[in-house]
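>>> this one's structure only:
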């Protein structure tokens, strides 16, 4: 299967060229400095922070939460490669997931087909100035009244239990099923593979609730998805920042007008998972939530989560109580862009908000309460210079001595640390650090992976030479694989390795691109292993000599051991 790992991973995270490899912030754990590396020549990835690594299949399994067969199918579809169906090899869990995805695909297709048949839905979107191009790009549709989606999918052989599991139907008080999204404009929610996994729906007219979202399902978790991210991720990378809004139209309308680096939070309650997901593409965000109390509270929570994950956060407050959708339509996209450029730092937003909350913000008590509200956010910042700059801003705004505010910040930071969890290991034992391979092992592994040097190394690498070394099983698998096949395959080697050896192999393979190789360096590395072998044999002989000497009587065995020791020393000198 022809899938370049750099192209694949680059669709999920922002890769930077670093020597022979590419680096990025790891998409699988929170970090502020990149420890995630991708090797194009080896076609593998490795995170040196959390330890996750592997090939293209392993990456897709981790990032999309797929089984191995699903990852194979995902990559085949991505590459346009047909796969023969073999249901016997599919697990029950995989079969169920594929059926649910097929249900969602058919539902998405059905809703899109219904939109041109509903004059009310078309009139509604026209009033909101949504173009036909945008309808097509975002896949907007219409869920008709009655039980049409239930009947349509049932006719394709799917059970009510499966439709309920997808969140497309729900049960009433009497236990009967009804279409969940009836009489609503639908917004398909897609994963990063382009598969529809959920829906949002906006009712036509003044019904309640105005907006309805899919529940949590085996396919969909709100905390791991952002609306519009599939379409926006390249624009986010280019712009260097993301705009976060609340609603579907708040995302769709600015995007329609050219603001492409915009995503929606699928509701006001942003999750840490969504922040982490956005962090794959940028560490700068402008929060543009609605100006009502729910939107302001959501902005406060989101600032805290973004700062905790190392983001640079600005807040855009639109005038006249408008949201992004209405503002762009009423005042034009260029004016919206100007507001984006002049968005305020999170500290200015916090100060303005908490000052308005105070009856007397100029009183000592009012200032103390404002400081108490703002400083917990500042303690989230890892950079001392940033903290000092914001302390200066807070002090100036509240007319306080900077030293007093800084002292208060330190007090709050100490209090936070005291309330924090203690380290998980209560045993008092130091964690065991696994042994590291020698420089010679690293060099020879790089040569074994290299097509230009592999044959030469294998001729010199006898099994006794790497016995009991850190890379013993890795060397053994490479030699075995080469003896069994004329073509070297790094994936075959990886498949044969287990746990720590696989982790070590991935790590050294990525680092091998930076290893300088020559005949002299390889020969020197082989000699270094020979030295280690001589030392190992000498130690074993000396231990036997010591045991024989304890008898106090010379023996033929002792004489033989002394001869072996002398031979080993001569060999070492040679």
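That came through, no problem. All values reported here derive from a predicted model rather than from experimental measurement.
>>> I'd say residue 339 and residue 318 touch.
Yes. Between residue 339 and residue 318 a contact is recorded at 6.6 Å, counting by Cβ atoms under 8 Å. Every residue, glycine included, has its C-beta placed from N, CA and C.
>>> joint contacts of these two?
With contacts taken as Cβ atoms under 8 Å, 6 or more residues apart in numbering, residue 339 and residue 318 have residue 327 as neighbours in common.
>>> any buried residues in the longest helix seen in the chain, and which?
Among the elements of the chain assigned as helix by DSSP state H, the one spanning the most residues is helix 519-549. By neighbour count on 16 or more other Cβ atoms under 10 Å, the buried set for helix 519-549 is 521-522, 525-526, 528-530, 532-534, 537-538, 541, 544-545, 548.
>>> do the same with stretch 33-46
The neighbour-count check on stretch 33-46 (16+ other Cβ under 10 Å) flags 34, 35, 36, 37, 38, 39, 40, 42, 43, 44, 45, 46 as buried.
>>> for this protein, which spans come out with low pLDDT?
Regions of the chain meeting the criterion pLDDT under 70 cover residues 1-2, 65, 77-93, 267-268, 416-434, 486, 548-555, 558-559, 561, 568-574.
>>> the buried residues of stretch 33-46 into a markdown table, with extra columns for distance to residue 256?
As requested, those are exported to a markdown table (distance: Cβ to Cβ, whole Å):
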| residue | distance to residue 256 |
| --- | --- |
| 34 | 34 |
| 35 | 38 |
| 36 | 34 |
| 37 | 38 |
| 38 | 34 |
| 39 | 40 |
| 40 | 36 |
| 42 | 42 |
| 43 | 39 |
| 44 | 40 |
| 45 | 35 |
| 46 | 40 |
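>>> list just the nearest of these to residue 464.
Nearest to residue 464 among those: residue 42, at 28.3 Å, using Cβ to Cβ.
>>> nearest residue to that closest one other than its sequence neighbours?
In space, residue 42 comes closest to residue 509 once its chain neighbours are excluded; the distance is 4.9 Å by Cβ to Cβ, 6 or more residues apart in numbering.
>>> again, but for residue 443
In space, not counting the residues next to it along the chain, residue 443 is nearest to residue 525; the distance is 4.3 Å by Cβ to Cβ, 6+ apart.
>>> check the gap between that neighbour and residue 435 for me.
With distances taken as Cβ to Cβ, to the nearest Å, residue 525 is found 18 Å from residue 435.
>>> buried sites along stretch 387-397?
Buried residues in stretch 387-397, defined by neighbour count with 16+ other Cβ under 10 Å: 387, 390, 391, 393, 394, 395, 397.
>>> isn't the fourth one up against residue 347?
To tie it back to what came earlier, the one meant is residue 393. Yes. Under the criterion of Cβ under 8 Å, residue 393 is in contact with residue 347, at a separation of 5.7 Å.
>>> ok so, going back, next, count neighbours for the residue nearest to residue 42.
Using other Cβ atoms under 10 Å, residue 509 has 23 other residues around it.
>>> in space, not sequence, find me the middle residue of this protein.
Nearest to the mean C-alpha position of the chain, counting by Cα atoms, centre = their mean, stands residue 27 at 2.2 Å.
>>> so that one, which state does it fall into?
Put simply, residue 27 is coil when judged by DSSP: H, G, I helix; E, B strand; the rest coil.
>>> identify the residues contacting it.
With Cβ under 8 Å, 6+ apart as the criterion, the residues that contact residue 27 are 12, 13, 36, 63, 280.
>>> what's the longest helix of the chain packed up against?
Helix 519-549 sits against helix 439-449, helix 454-460, helix 556-573, with contacts defined as 3 or more Cβ pairs under 8 Å, 6 or more residues apart in numbering; DSSP states H and E.
>>> pick the most buried one from the ones you listed.
With neighbours defined as mean count of other Cβ atoms under 10 Å, the helices and strands packed on helix 519-549 peak in mean count at helix 439-449, which reaches a mean of 23.
>>> tell me what angle it forms with helix 519-549.
Interaxial angle, helix 439-449 versus helix 519-549 (axes from the mean of the first three to the mean of the last three Cα atoms, to 10 degrees): 130 degrees.
>>> check the offset of the longest helix of the chain from the chain's centre.
Helix 519-549 sits 45 Å away from the centroid of its parent chain (Cα atoms, centre = their mean, to the nearest Å).
>>> before we move on, what about stretch 389-397?
The chain centre lies 35 Å from the centre of stretch 389-397; the measure is Cα atoms, centre = their mean.
>>> swap in stretch 466-486?
33 Å.
>>> which residues sit against that stretch?
For stretch 466-486, the external contacting residues (Cβ under 8 Å, 6+ apart) are 435-438, 441, 444-445, 448, 454, 458, 461, 463, 488-489, 492-493, 496-497, 501, 504-505, 508, 529, 532-533, 536.
>>> please apply the same query to stretch 516-535.
Counting contacts by Cβ under 8 Å, 6+ apart, the residues outside stretch 516-535 that touch it are 438-441, 443-444, 446-447, 450, 452-453, 456-457, 460-461, 464-467, 469, 568-569, 571-572.
>>> ok, and the closest non-adjacent residue to residue 238?
Using Cβ to Cβ, 6+ apart and skipping residues adjacent in sequence, the residue nearest residue 238 is residue 261, 7.5 Å away.
>>> quick one: the one you found and residue 232 touch, right?
Yes. Under the criterion of Cβ under 8 Å, residue 261 is in contact with residue 232, at a separation of 5.7 Å.
>>> touching both of those two, which residues are there?
With Cβ under 8 Å, 6+ apart, residue 261 and residue 232 have common neighbours residue 242.
>>> so what secondary structure elements neighbour the host helix or strand of residue 162?
Counting by DSSP states H and E, the element that carries residue 162 is helix 160-165. Helices and strands touching helix 160-165, by 3+ Cβ pairs under 8 Å, 6+ apart, are helix 92-114, helix 148-154, strand 169-171, strand 177-179.
>>> can I get these in CSV including mean neighbour count?
Shown next, in CSV, are the helices and strands packed on helix 160-165 (neighbours: other Cβ atoms under 10 Å):
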stretch, mean neighbour count
helix 92-114, 17
helix 148-154, 18
strand 169-171, 16
strand 177-179, 16
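>>> next, format those as a markdown table and append distance to residue 240.
As requested, the helices and strands packed on helix 160-165 are exported to a markdown table (distance: least, Cβ to Cβ, whole Å):
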| stretch | distance to residue 240 |
| --- | --- |
| helix 92-114 | 32 |
| helix 148-154 | 41 |
| strand 169-171 | 42 |
| strand 177-179 | 42 |
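>>> of the ones you listed, which is nearest residue 162?
helix 92-114 (6.1 Å).
>>> going on from that closest one, what's the next piece of helix or strand?
Counting by DSSP H and E, the next helix or strand C-terminal to helix 92-114 is helix 119-127.
>>> and the angle from that next one to helix 92-114?
Interaxial angle of helix 119-127 relative to helix 92-114 (the same axes, to 10 degrees): 80 degrees.
>>> I'd like the next helix or strand past helix 119-127.
Counting by DSSP H and E, what follows helix 119-127 is helix 132-138.
>>> and that following helix, what does it pack against?
Packing partners of helix 132-138 (3+ Cβ pairs under 8 Å, 6+ apart): helix 248-256.
>>> how distant is the helix it packs on from the center of its chain?
25 Å.
>>> what's the answer for stretch 52-68, then?
With Cα atoms, centre = their mean as the basis, stretch 52-68 stands 11 Å off its chain's centre.
>>> nothing else from me, thank you.
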